[in-house]
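Engineer: Curious how this folds, go ahead:
(3 chains, ligands or ions: 4)
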Amino acid sequence: MVNYLLRRVVNFLIMVALASTLGYVLASLAFDPSANYQGANPPIPQSTINAKLDNLGVNPAKPLLRRYLNWAGDVLSGDFGLSVGEQRVNEELSRRIWVSLRLLVLGSIIGSLAGVALGVVSAVRQYGLTDRAASVLSFSLLSTPVFLLAILLKFGAIELNNRIGTTFFFTIGEYSADFSGNGWELLLNRLQHLILPTLSIALGGIAFYSRYQRNAMLDVLGSDFLRTARAKGLSRRQSLFRHGLRVAILPMATFFAYSFGLLVTGAPFTETIFGWNGMGSWFITAVQSNDINSVSAVIVFSSVLVLLSGLIADIAVAILDPRVRLR
Amino acid sequence: MTVVQTEVGEQTSERLTRSALIRLRFFRNRLAVAGVVILAMMFLLAFVGPFFSKHRWDELDFLALLQPPSQEHWFGTSQIGGDVFALTIRGLQKSLIIGLLVAVFSTGLAAIAGGFAGYLGGKVDRSVMWLIDALLVLPSFLIIAVMSPLYRGRTWLVFVVLLAAFGWMVTARIVRSATMSLRERDFVRAAQYMGVPVRKIVFRHLLPNVASILIIDATLNVGATILSETGLSYLGFGVQPPDVSLGSLIAEGTASALTYPWLFMFAGSALILTVLAVSFIGDGLRDAFDPGSNKSKKKSKAS
Amino acid sequence: MNTPSSASNLIEIRNLSVTFPSEAGIVRAVRDVSLDIRAGEVLGIVGESGSGKTVMSLSMIGLLAESASITGSISYNGVNLLELNDNEMSKYRGKDIAMVFQDPLSALNPVHTIGRQMAEALHVHGDYSSEAALRRAIELLEIVGIPRPAERAQSYPHEFSGGMRQRVMIALAIANQPKVILADEPTTALDVTVQAQILDVLKTARDMTGAAVVLVTHDLGVVAGLADRVAIMYGGKVVEIGNVNDVYSSPAMPYTIGLLRSIPRIDDAGSSRLASIDGAPPSPVALPPGCAFAPRCPAAAPECDASVPELVSITPSRMTACVRQTDIAGLQSSGKLFAEIPRHVALQSVTEGVALEVRGLRKTFPLLKGSVLRRRVGSVFAVDGVDLTLREGRSLALVGESGCGKTTTLLEILNMVAPEAGTITVLGRNVAELSRKQRLEMRKDLQIVFQDPFASLDPRLPIGDAIAEPLDNFGMPKVEQNQRVMELLELVGLQRDHASRYPSEFSGGQRQRIAIARSLALNPKVIALDEPVSALDVSVRAGVLNLLAELQEKLKLSYLFVSHDLAVVQHVADDIAVMYLGGIVESGPVDEVFAKPQHPYTQALLSAVPIPDPKVERVRKRIILQGDLPSPANPPAGCRFHTRCQVRATLPAEVAATCVSDRPELVLRNASLVACHAPLN
Ligand SMILES: Nc1ncnc2c1ncn2[C@@H]1O[C@H](COP(=O)(O)OP(=O)(O)OP(=O)(O)O)[C@@H](O)[C@H]1O
Ligand code: SF4
Ligand code: SF4
Ligand SMILES: [Mg+2]
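Structural biologist: Ligands and ions are numbered 1, 2, ... in the order given. Presented below is the predicted three-dimensional model:
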């Protein structure tokens, strides 16, 4: 097990290195950082621009390999460099990382738990009312892009707030800037801000997991070992919960890893629409402002996140499935 | 699996051919049929609609700014006097074309990469899998967004190429594992021992046998592509103005959508309906091609 | 009806019919079956795939798919089981009626320990404390012959071999002292030597519990050894039922007669060919109007199609379903029913050329670990030290249990590249010295027929194209190709107009004929046959075997015949090579080896094969080997068989020691080559 983990971690680091290299190189090729200084009035002299670009370490006059090696060396020593606004990327990163993590972790936990539960119920009552309703719901959710879902949630909440006359759901920001409560009130305020963005992330997860869990469960329903359990004298329900569920949950761990990638994709939309200052919205502004260093930082972050979820999934499978324990 | 085949296979006369059976199963599936109907309507709307539209999508009516739907402007008008109906069908057209093109290219790419990797195994397989793993670490959304300055101001076909280039990996994996199990099948071995060359084995024996996977995935890829395309366009990283896609229309519309809902409602519904229709079709195809996966599994046990 | 209902009947099945909806139409799996199961008896139910055996046994334990519709009654202790709901039926399952399934590999839950799954069976029906349940579970494991049961109870199913898992299944079945044990093909997925072990355990289980056993199988040999009564099923109906001895010695219904005459016997090569029953078993969605066997029955007459024949008594203990029952005996004695045709005799060509020679062949597979940074952590010695000689015009059978390396040997030969170690010589040419072009040329002479005719034909190619593929490959013009395809179709007994049809339109036997036609397309000299009939229905096997014999005679072919079915080998082969764990342990002429097996493994193997004749089968002395086939990743040192050898224990200590230290070479003893340190007895 230890051996296995060690090997996975090595592999993990290689993959992160690969992904961040790809990110940095692509961003350097695609972005024109000097564009930020063009068209200013009065025009900024070329020498000043060059100095600024050198300061950021993104001057295209230098060979790409040199720039990359400098950047990579800094990153290895824990420094992500300067953003276009000449702020330290590290600071921005440490501020934003928790905002996104809160959203993603909570969203994926809620999404996976609720989705699995819904999938199990659907499979057990195949073709029943719950199953049909769940199917239609998941299909619709899976066909709605995150940005549209977030917008609809937002409008729905505004509508609801108007109906009930007070602001129950907050649709902008992580907490009310002018809020001055403490303790529970602060927590409640944060929760009121959290609900909608989390939901916009979680709903997709629910749809995704419930479909897969339903199929996995149905596969297990036809399996030989479930028939053995019933031949022993267990009723249908007992055999399902004692034998079926445990086996049907195994493939979900793998899907968990996969769906995290989807979540990371969803975050930029959710964060922009609900005005959260997380990694996602940072990514978008960074692309728009040709900010190579910031974009690269986000890419490192998201590759770590995706790979980490894969690692966790593998460990979960190793714990749950005795067949892979001895690798 | 042989059990089912024997039961059916013993019958030498009057049996349904495989394709007839698939058609039968597909058209028995109400959602799938609904999907076909909706999608057909969307195509009609997108490609025949312009002939009936009173306005062109790039024409501005300065006398009618932010008008609600009316006789003259069926879906109302935008802030600068654009006809929302014409804009919506233009956007739908773009999104559909991009979805189709990308699905065809990426599925083709996936078939070739997955087919050869799965059949040849060894070094080829390992390199292809490495590439797939590496590309899957970064969500393709991020990569394409980063590359968006490269095609700003160029033809949208570059965008199509990028979407396809970063959209083939999951399907390739599925094709690869299907090919790997087919490779062990005796008809492939038989071909090898008759001296049939690799290329011919892959194209003549393997890929036709995973055709069902390819068809299903191509369909589902249409939906997935439309979702990524509109997402990127929503953020301004996709289809570039002055051209429009459903994503960019929704982005423009949301700013004032609470007061002027027609600005984004039609584009939003068209988007959801299209993707929904595509996934109904994909799901129906899967059930039709592979009924053994769930429901009819029980039957095979009866011998 | 059956014998009049009596107190000794445990289960009475009356007019049971089971149907399933399907896309092709209604599947009539069981049709109007009435049958009694008596207390303590062993009832064999024999039938080919699709004849309704499994459905019938599942309906007794109430585990049919929900889509099934069932009519009739199954009464147990005066209770009609078909009227119970699932919860009520659960009380009977495992307690009164228990079941052992066919595939032990998938029948146990992979994520729970064996002990836990056993204890669960006890908890469901009895009041056990956790410790008591575990103690009893261990006891049961001991009874079914699991070594070190206390320790093994902590293991997971994947740590057990197939045979061990089937023992666990039997332990589960007897846990609550049931009155009836339903065993559905309990040994079909296992090797013969393991099958012998499991049948032994089943007997113990029966003796211990006194339960009636319903033994469902397609293997007439297994039934002959174990059953008191036997019921023959065909097309969803019981067509003959009676005491085992009577049915085997004087089968009355034409299907039973044909079936018994179509199976080869290991104890008697026979002087005539196997009877072959034309056609294939009927599809349960399109059964003939009258007797289901009519389309294949040599005695069929117009009245057979009028209505479905009823099961009627012909003697007090015997019932058959045939409207022409009174005429059958006469037809049989006048040779009109499955007439005997003299058997093909091999060319006596011992002095002539060698078609294929293999010396010291070795093939190892790397044992890899890790998904990305793959490392080799060991080797699987799939084949290690195989010597074979196939003479022209003869058939050499390579036999052995699954996993012993038969297929690997065959594929190594067919690859025609230099092996890891050893030499392969095809028609006098060492394959290691062939150039690419020569190798392609050689492929014409060496062709293969695979085990599973459903897998060996591309489902998307019309069979004419499939047969023409090798011709096309070697550049034959299209017109000549068509000509040749027609010739070949006729040669294997198919029709010319079949060429444009797809494989799915053919039955298993027909498909195997197509595969044979394809292998013949290039006029090969040697054909490798990998288990060519083991995937086929019992009643169509004989037809394919006879075809192979005929073709060999006509085309002067040499066959390399891989099989695990010794009875088939006895019937078709001239020479035999017995393989164990990657190496040949004995080889020689078939008659010699079967009559006087010299290697302990060959002896055990031959004794484990059941003979479809109750009189012979019941008095036979059987060698039951200990344990399972060791893993080829870690083969035993010295003689690879020493961990299971029954002879070694009887040897003087110093010889027994060499068994562990030195690997025996093949040496000539009498007419055979044998690899064993023990002196000839
Ligand atoms: N590609 C492979 N990688 C690792 N081990 C393999 C591979 N192919 C075969 N083996 C192992 O080699 C041994 C011999 O296999 P082979 O398929 O030749 O047996 P067989 O006698 O033909 O069995 P069966 O009767 O089941 O077909 C087995 O233990 C098998 O697990
Ligand atoms: S009823 Fe007729 S067809 Fe059927 S077995 Fe008897 S003789 Fe043959
Ligand atoms: S060499 Fe020894 S162990 Fe091997 S078969 Fe002969 S007697 Fe048995
Ligand atoms: Mg094999």
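Engineer: Does B:Trp168 touch B:Val104 like I think?
Structural biologist: No - using Cβ atoms under 8 Å, B:Trp168 is not in contact with B:Val104, being 11.1 Å away. Any C-beta I mention is one placed from the backbone N, CA and C, and that applies to glycine too.
Engineer: residues in contact with C:Leu666?
Structural biologist: By Cβ atoms under 8 Å, 6 or more residues apart in numbering or on different chains, the contact list for C:Leu666 reads C:Asp387, C:Ile584, C:Ser587, C:Leu673, C:Val674, C:Ala675.
Engineer: hmm, try it at 10 Å
Structural biologist: C:385, C:387, C:577, C:583-587, C:599, C:672-676 (Cβ atoms under 10 Å, 6 or more residues apart in numbering or on different chains).
Engineer: Show the contacting residues for the residue of chain C at minimum distance from chain A.
Structural biologist: Of all residues in chain C, C:Gly94 sits closest to chain A, at 3.6 Å by Cβ to the nearest Cβ. Counting by Cβ under 10 Å, 6+ apart, C:Gly94 makes contact with A:228-234, C:61, C:120-122, C:124-125, C:172-173, C:175-176, C:178.
Engineer: What about C:Leu411, how many residues nearby?
Structural biologist: 18 (other Cβ atoms under 10 Å in any protein chain shown).
Engineer: these two touch, right, it and C:Lys363?
Structural biologist: Yes - judged on Cβ atoms under 10 Å, C:Leu411 makes contact with C:Lys363 at a distance of 8.5 Å.
Engineer: What are the boundaries of the helices in the stretch 101-250 of chain A?
Structural biologist: Using DSSP state H, counting those that start in this stretch, the helices of the stretch 101-250 of chain A run over A:129-142, A:146-164, A:183-221, A:224-231, A:236-239, A:245-248, A:250-273.
Engineer: what's the angle from the longest one to helix A:129-142?
Structural biologist: Between helix A:183-221 and helix A:129-142, the angle comes out at 110 degrees (axes from the mean of the first three to the mean of the last three Cα atoms, to 10 degrees).
Engineer: follow-up on the earlier one: of the helices of the stretch 101-250 of chain A, which is nearest C:Ile37?
Structural biologist: helix A:224-231 (17.1 Å; Cβ to Cβ).
Engineer: so where's the stretch 1-150 of chain A shaky on pLDDT?
Structural biologist: A:1, A:39-40 (pLDDT under 70).
Engineer: Now it against ligand 1: closest residue?
Structural biologist: Here the residue of the stretch 1-150 of chain A nearest ligand 1 is A:Tyr4; by Cβ to the nearest ligand atom that distance is 20.6 Å.
Engineer: Compute the number of surrounding residues for that residue.
Structural biologist: A:Tyr4: 18 neighbours (other Cβ under 10 Å).
Engineer: The closest residue to ligand 1 within the stretch 51-200 of chain B: how many residues sit nearby?
Structural biologist: Relative to ligand 1, the nearest point of the stretch 51-200 of chain B is B:Glu184 (8.9 Å; Cβ to the nearest ligand atom). If you count neighbours by other Cβ under 10 Å, B:Glu184 ends up with 9.
Engineer: Kindly report the residues of the stretch 51-200 of chain A close to chain C.
Structural biologist: A:Gln126 (Cβ under 10 Å from any Cβ of the partner chain).
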